[in-house]
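[1] got a structure for you, letters missing:
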C-alpha cells in the first residue's frame with residue numbers, strides 16, 4: 001500500500017522562498033508508484049495542503065491531518081524541507097514527535113542545538129573540533145568595539161546567531177563599521193556571534209544516513225565571486241561550487257573525519273551539511289545545517305549525484321530511514 005507523505009515547506013523566516021523550491025523538487029521527484037505526496041505550506045498565518053490546482057485546504061493541527069471530500073487523511077511520514085524556523089530549529093520536530101509522526105530530519109534537541117551557532121560550536125569544542133575565535137553579544141548588551149577587535153581581529157564576520165542562508169551576515173574591515181553590522185544581524189535575531197576571519201579554502205560537506213550507514217558525500221569547494229559566500233553567492237549563482245573539491249588527499253581525509261565526527265557526536269539523523277574553512281591545513285567548522293537546500297542546484301544534491309545517488313534515491317532513502 002502506498003504511503004502518505006507530507007512534504008512541509010515554507011516556514012517563518014527569510015528563507016521561505018528557497019524552502020518552497022526545495023519542497024517542490026521533492027514533490028516532483030518522489031516515486032508516485034510508492035508514495036502519495038502532499039505539498040504542505042507552513043506559514044505563520046496558515047498551515048495548508050496545496051493541491052495541483054493551487055487550491056488550499058487547512059491542516060488540522062490537533063493531529064496534523066487534512067480532510068478531502070469528507071475523507072480524513074493522515075500521514076505516514078513528514079518530509080521536512082523547511083529551512084530556518086520552525087523546521088530547522090526544533091519546533092516542527094517537537095510537534096511531530098509529540099504526535100508520533102516519523103519525519104526525515106534530526107530530533108528536536110539536535111535541531112535546536114545546531115540552529116544555535118554559539119551553542120553548537122560550544123558543544124563541539126571540547127571534542128577537539130576546531131572553530132574560529134568568537135565573541136558573543138545579545139541585543140541590549142553594551143558594545144565595546146575595542147574588546148571585539150582585540151578578541152577576534154579584523155576583518156571579522158558579524159552574524160545573526162540563529163539564522164541561516166547568509167541572512168544577517170556582514171564582513172567587517174573597520175572598527176567603525178561594527179555598529180552597522182550589528183544592526184543588520186539584530187534584524188534577524190536577538191543574539192549575535194562575531195567570528196575571526198579564516199583565510200583559506202572553504203568547503204561544504206554533506207553527511208547523511210544512507211541505507212543505515214553514516215555516509216560522507218563527496219566534498220564541495222566553495223569559490224565565491226563575492227567577498228564571501230553570501231546569499232547572492234549561495235542562491236543567485238554568484239559562486240563556483242566545485243564537486244569534488246580540489247583538496248589534497250590529507251585535507252580530504254581530515255575534513256571527512258571531522259564531518260563524520262560532528263554528525264556522530266551530535267547524534268544527527270537524516271540530512272546534514274556542514275561548512276569548513278582550512279586554516280594552517282586544519283578544517284575549522286563554521287556551522288551545521290540540518291535541513292540543507294534540496295533544489296537541483298543545491299550543494300547536497302550535487303554531492304549525492306557525484307556519489308552516484310539520484311535525487312529520487314536520496315529522497316526515498318530519507319523517508320525509508322525515518323519509517324524505520
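    Great, that's in hand. The shown structure was predicted, so the numbers you read here are calculated from the model rather than taken from an experiment.
[2] Average pLDDT for stretch 251-262, rounded please.
    Mean pLDDT, stretch 251-262: 98.
[3] contact partners of it?
    In this structure, residues lying in contact with stretch 251-262 by C-beta atoms under 8 Å, 6 or more residues apart in numbering are 124, 127, 129, 201, 203, 205, 207, 214, 216, 219, 245, 247, 274, 276, 278, 281-283, 285, 288. Just so you know, the C-beta spots here come from the backbone N, C-alpha and C atoms, and that holds for glycine as well.
[4] Could you tell me the phi and psi values at the nearest residue to residue 243 once chain neighbours are set aside?
    Distance criterion C-beta to C-beta, 6 or more residues apart in numbering; nearest residue to residue 243, sequence neighbours excluded, is residue 220 at 4.4 Å. The phi and psi values for residue 220, taken as degrees, to the nearest 10, are phi -110, psi 130.
[5] Helices of the stretch 151-300 of the chain, start to end?
    For the stretch 151-300 of the chain, the helices defined by DSSP state H, counting those that start in this stretch cover 178-186, 231-235, 249-265, 299-306.
[6] rewinding a little: now, of the contacts of stretch 251-262, which are buried?
    Using 16 or more other C-beta atoms under 10 Å as the burial test, those include 124, 129, 201, 203, 205, 207, 216, 219, 245, 247, 274, 276, 278, 283, 285, 288 as buried.
[7] ok, so of those, who is nearest residue 148?
    residue 285 (21.2 Å; C-beta to C-beta).
[8] circling back: and the buried ones among the contacts of stretch 251-262, which is closest to residue 317?
    residue 207 (13.4 Å).
[9] Now do the closest one against residue 279, distance only.
    Shown here: residue 207 relative to residue 279, a distance of 21 Å by C-beta to C-beta, to the nearest Å.
[10] repeat for residue 75
    Residue 75 is 45 Å from residue 279, by C-beta to C-beta.
[11] do you know which of the helices of the stretch 151-300 of the chain lies nearest residue 292?
    From those, taking C-beta to C-beta, the stretch that ends up closest is helix 299-306, at 4.7 Å.
[12] On the C-terminal side of that closest one, identify the next helix or strand.
    helix 311-323 (DSSP states H and E).
[13] which residues touch that following helix?
    Here helix 311-323 has contacts from 3, 5, 25-26, 29-31, 34-35, 76-77, 79, 102-104, 208-212, 269-271, 294, 296, 301, 304-305, 309, using C-beta under 8 Å, 6+ apart.
[14] which of the residues you listed are buried?
    3, 5, 25-26, 29-30, 35, 76-77, 79, 102-104, 208-210, 269-271, 294, 301, 304-305, 309.
[15] Okay, and which of the residues you listed map to strands?
    Applying DSSP state E to the buried ones among the contacts of helix 311-323, the entries found in strands are 3, 5, 35, 77, 79, 208, 209, 210, 271.
[16] Can you tell me, leaving aside adjacent residues, what's nearest to the third one?
    Right, residue 35. In space, residue 35 is closest to residue 5, 4.8 Å off (C-beta to C-beta, 6+ apart).
[17] That neighbour bridge partners, please.
    On the basis of DSSP bridges, residue 5 is bridged to residue 37, residue 77.
[18] residues in contact with it?
    Here residue 5 is in contact with 30, 35, 36, 37, 38, 75, 76, 77, 78, 79, 319 (criterion: C-beta under 8 Å, 6+ apart).
[19] Touching, the fifth one and residue 6? I think so.
    Going back to what we said before, that points to residue 38. Yes. Assessed by C-beta atoms under 8 Å, residue 38 is found in contact with residue 6 at 5.2 Å.
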